[in-house]
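Undergrad: sequence plus predicted model, see below.
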Amino acid sequence: SSMLGLARVVAREDRIVPHYQPKISLADGRITGFEALLRWRHDTNGIQMPSTVAAAFDDYDLAMQLGERMLECLMRDMRSWLDRGVDFGSIAFNLSPAEFRHENLVPRIMGKLALAGIPPSCFELEVTETVFLGRSAGEVGQTLDAFHREGIRIALDDFGTGFASLTHLQAFPVDVIKIDRSFVGNLSEGSGNAAIVDAVVGLGQRLGMEVVAEGVETPEQAAYLLRQGCGYAQGYLFGKAMPADDAERLLRHPG
Ligand code: G
Ligand code: G
Ligand code: MN
Ligand code: NA
């Protein structure tokens, strides 16, 4: 399709411009890290969203190529920040199911971090429950355990929208639960979403996992989440995904 053709061009040429969305600690409003989100530069139309190449993430080779380019950009940005003493916390990378299936996933990523001299504690992987599709729990567990042993934190993304979530939380070394933004939209007391958010926050606390609420857009939502004991948040209230330079400026001059 033309979307795959476009993705091929994006992967081949030097067009990827990773954007970084701040993740903040609700207790003190401080930035604890960023989620890296794919963006690419169109010759005339400016910065493009990942939806323009979404089909590429279902194509094994293209997903690998885009992931590879993204990772190169992230290593470069993290190296530059470390060199200049910019404390960015940790950068979270979204791992596509295709990349997750790749045999050499763990050495591939650990090798890149080592080559760039990035401590594993500066890096986090976000996986959705789609990585479990068509694979045994054993296989998935081995990969996640291997990352974990290397000091890489694992976040379960879009939590609550997938399937068998509770099983996964117990069976795998999950450090972070990201509550999908569809549950954060309407948090008025007594709403169904509030019940779901409360339950997931409680689950995270009991299981010793960090909980991040996604898609926080209003101070009321942030206040509700803080009251319920949710530790971290992402969303337009705190910042959209932004280029590396803007992320650095935000770190130097918060608020
Ligand atoms: O960046 P939004 O602003 O539009 O992201 C849309 C979707 O694309 C999200 O589900 C997000 O997880 C996914 N996405 C964004 N960047 C990446 C990436 O680098 N790799 C993968 N696999 N998915 C990404
Ligand atoms: O699926 P994943 O959680 O990786 O993707 C994050 C997506 O959510 C990106 O498309 C990002 O741009 C979007 N996003 C981040 N914060 C907000 C927000 O506060 N409101 C809305 N509507 N979307 C958001
Ligand atoms: Mn994500
Ligand atoms: Na998400």
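TA: Cool, the structure landed. If you're wondering where the values come from, they're calculated on a predicted model, not measured in any experiment. Numbers count the residues shown, from 1 in each chain. Ligands and ions are numbered 1, 2, ... in the order given.
Undergrad: do stretch 199-215 and ligand 1 come into contact?
TA: No: Stretch 199-215 is not in contact with ligand 1 by CB under 6 Å from any ligand atom; minimum separation 10.0 Å. For the C-beta atoms, the positions are set from N, CA and C on the backbone; glycine is no exception.
Undergrad: tell me where the stretch 101-250 of the chain is predicted with low confidence.
TA: Scanning the stretch 101-250 of the chain for pLDDT under 70 picks out 164.
Undergrad: show me the helices in it, by range?
TA: Taking DSSP state H, counting those that start in this stretch as the test, the helices found in the stretch 101-250 of the chain are 105-116, 137-149, 165-171, 192-207, 219-228, 244-252.
Undergrad: what helices or strands is the longest one leaning on?
TA: Identification of packing neighbours for helix 192-207 by 3 or more CB pairs under 8 Å, 6 or more residues apart in numbering; DSSP states H and E yields helix 165-171, strand 176-179, strand 210-213, helix 219-228.
Undergrad: how about the longest one and ligand 2, any contact?
TA: No: using CB under 6 Å from any ligand atom, helix 219-228 stays clear of ligand 2, with a minimum separation of 9.2 Å.
Undergrad: now that helix, how far from the centre of its chain.
TA: 22 Å (CA atoms, centre = their mean, to the nearest Å).
Undergrad: want to throw the helices and strands packed on helix 192-207 into a markdown table with distance to ligand 4 and mean neighbour count?
TA: Formatted as a markdown table, the helices and strands packed on helix 192-207 follow (distance: least, CB to the ion, whole Å; neighbours: other CB atoms under 10 Å):
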| stretch | distance to ligand 4 | mean neighbour count |
| --- | --- | --- |
| helix 165-171 | 13 | 14 |
| strand 176-179 | 5 | 25 |
| strand 210-213 | 9 | 25 |
| helix 219-228 | 15 | 16 |
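Undergrad: could you dump the ones you listed to TSV with distance to residue 79?
TA: What follows is the helices and strands packed on helix 192-207, written out as TSV (distance: least, CB to CB, whole Å):
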stretch	distance to residue 79
helix 165-171	33
strand 176-179	24
strand 210-213	25
helix 219-228	33
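Undergrad: count the neighbours of whichever residue of the stretch 151-255 of the chain sits closest to ligand 3 for me.
TA: Relative to ligand 3, the nearest point of the stretch 151-255 of the chain is residue 157 (4.2 Å; CB to the ion). Look at residue 157: counted by other CB atoms under 10 Å, it has 25 neighbours.
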